[in-house]
Structure formats: C-alpha cells, structure tokens
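S.K.: The following block contains a protein sequence and its predicted model.
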Amino acid sequence: MESIFLPLQSVIFANQSLAMRKVSVGIVQMSCVADKATNLQKAIAGIEQAAAKGAQIVCLQELFTSLYFCDVEAYENFQLAESIPGPSTEKIQAVAKAKGVVVIASLFEKRAEGLYHNTTAVIDADGTYLGKHRKMHIPDDPAYYEKFYFTPGDLGYKVFQTKFAKIGVLICWDQWYPEAARITSLMGAEILFYPTAIGWATSQDPATNTEQYGAWQTIQRSHAVANGVHVVSVNRVGMEQNGAMQFWGGSFVSNPFGSILYQGTHDQEEIKVIDIDLSKTDHYRTHWPFLRDRRIDSYDPITKRYVDES
C-alpha cells in the first residue's frame, strides 16, 4: 500500500499545481521631472527591469510622462497632451514587443482640438495596441484641478484580453467607486489595475496622512473582496508642486480576499514583481458567493444621484 500511496500523493500535488494560474505583475513606482522625454525613458527602463525580473504584465503610474500638472489651471499644460495611439504608445509598443510583456500606460490624451482625456493605453505582449480606457470620474479638489483639463470618459468600462490575463483598467479617482470595480469585474476582468497619482499636502499632520492612505488602500481592498479579483494599484512618489505635495507611493497588490501581497514604500522609487494566482478567484468566489447572492432586481436606485425620501 505504501508504494501505491506515494505516487497518488504526487498526482494530487501535480493536479493542484496544474490548477494554479500564475501571472507575474510588475509595478513601476517612480518620481517624475518636468521633461517628458526623460520621464518616458525612465518608464521604459522600468519596464525593461521588471521584465528582466520575470514580469508578464507591467503597470505604470498615472500620467507618468510629466509632473502632476493638475495642481494649477494653466493653459500651457495642454501642450503636454498627445494622441493615443501616438508617439509615447509607439515607443512602449516597441519595448513591450521586445520584452514580451503587457504594458498599462497612463497618458494625457488629445482627442481633438480643445478636447482632452486622462487615458490609459493597453499594449499586449507582442506590441499590439489593444485599446484604451478614458478616466470616468474626474475630481476637482485643491491641487487636483482635473476638471479644467479632462473631459469625462465616454468609452464606458473596459476589459482587455491580453496574452496573460483578461484585465480591467481604471484610473485613480475611479478607484474610490465600487460601481466601477463591480461593472469591470462583471465584464470578466481577472485583475483590476489602478494607475494613480495621489499624495499628501506637506502641511498635513502625520495622523491625517495615515488616515488618508488607509482609506485609499481600504477602499481598493474592498473592491478585491466584493468582486473576488486581484487589485493592483500603482502610485508615484516624490515632492511636487514646489514642495507642497508629497506623492505617497505605497503601491500595492491585494489578493481576491483583501490580503496585501505587496506594499511599496512611501518615498522610494521601486520596481517590483509580484506573482499572483488567478485561480484564487474561483476559490474565494466559491466559498464567499457574493456574486451568487446579488439581488440585481433591487438595485435600480443605484442609478439615481440621491434617493430622496419623497
């Protein structure tokens, strides 16, 4: 019996191994300068380094080719925009093809004269341009004057079938909205990616900073739990706005039950590769069947701005 048992045990472990769907995700957390070409080259170097470490899908931060220019309302900043596809996507397509990696690249899109979007392009591992997501939720806060620059996205929520996984891409302010995560997940996204640019005002006290970062991470981890998918959020670092804003980095990866698989530092540039197991989605959705128990017949009020008592 003993001689029979050991091979059977090996078969069981082999089957478990075959059931895993490992994908290696690369994060490029970086600081930026005023020169677009310098930032683009740094991002390309980051992609190459992540690929050398085994990354299959590499995500860059929001608006990585420039400083975060939305801190002021200045018409000259519109000169930073470009077409998508365009010059930056062409360069990224070349490195994606050369290294065999999927790249998620957030750019300032000029759609037409006087019409601009905050947009993320998705490039497949053979260099093919798969399409783009235009940021749906546009903030307007002190030092985040995005409504001055960006028209709200009109492409809806998008998923992209890449070589390694079907991914959903949302952008920064989109990450606070459970509706966006839910819809993208219901469209079949296996991983939600959030290119981000968010930071602390340097005038704030440490307790406020801690609370804000905690809320930012918690809301995204809740999307992972509610939808049973991995979440990857990539933020920038560095002091900008003449020292008034410190971008808080802290890029992270959450598993489908909200556990942190990796969290970056708040003040260092980092290139990190994290292995994730896409088969965990089926595991958690089976044991915590939130999708099964959704009462879609009762959700009509969610489309209202506010549900007044009258």
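M.R.: On my side now, so go ahead.

S.K.: shaky segments in the stretch 201-310 of the chain?
M.R.: 310 (pLDDT under 70).

S.K.: just the strands in it please.
M.R.: 230-234, 237-240, 245-248, 252-254, 260-263, 270-277 (DSSP state E, counting those that start in this stretch).

S.K.: Mean neighbour count, those: which tops it?
M.R.: strand 230-234 (a mean of 28; mean count of other Cβ atoms under 10 Å). Bear in mind the C-beta positions are built from the backbone N, C-alpha and C, glycine included.

S.K.: what packs against it?
M.R.: Packing partners of strand 230-234 (3 or more Cβ pairs under 8 Å, 6 or more residues apart in numbering; DSSP states H and E): strand 22-29, strand 57-60, strand 191-195, helix 206-227, strand 252-254.

S.K.: partners of it, with directions?
M.R.: strand 191-195 (parallel), strand 252-254 (antiparallel) (DSSP bridges).

S.K.: what would the ones you listed look like in TSV with distance to residue 168?
M.R.: Below are the strands paired with strand 230-234 laid out as TSV (distance: least, Cβ to Cβ, whole Å):
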stretch	distance to residue 168
strand 191-195	5
strand 252-254	14
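
S.K.: Out of these, which is closest to residue 155?
M.R.: Shortest distance between residue 155 and these, using Cβ to Cβ, is found for strand 191-195: 15.8 Å.

S.K.: just how off-centre is that closest one within its chain?
M.R.: 3 Å (Cα atoms, centre = their mean, to the nearest Å).

S.K.: where along the stretch 1-150 of the chain do the helices fall?
M.R.: 2-19, 36-52, 87-99 (DSSP state H, counting those that start in this stretch).

S.K.: still on that earlier bit, would you mind saying which of the strands paired with strand 230-234 lies nearest residue 140?
M.R.: Once the strands paired with strand 230-234 are compared by Cβ to Cβ, strand 191-195 is nearest, at 19.4 Å.

S.K.: the inter-axis angle of the closest one versus strand 270-277?
M.R.: Strand 191-195 and strand 270-277 are oriented at 160 degrees to each other (axes from the mean of the first three to the mean of the last three Cα atoms, to 10 degrees).

S.K.: list the buried ones in strand 191-195?
M.R.: Residues of strand 191-195 classed as buried: 191, 192, 193, 194, 195 (neighbour count, 16 or more other Cβ atoms under 10 Å).

S.K.: Can you add distance to residue 272 and pLDDT and give these back as CSV?
M.R.: As requested, these are exported to CSV (distance: Cβ to Cβ, whole Å; pLDDT from 0 to 100):
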residue, distance to residue 272, pLDDT
191, 15, 98
192, 18, 98
193, 14, 98
194, 16, 98
195, 15, 98
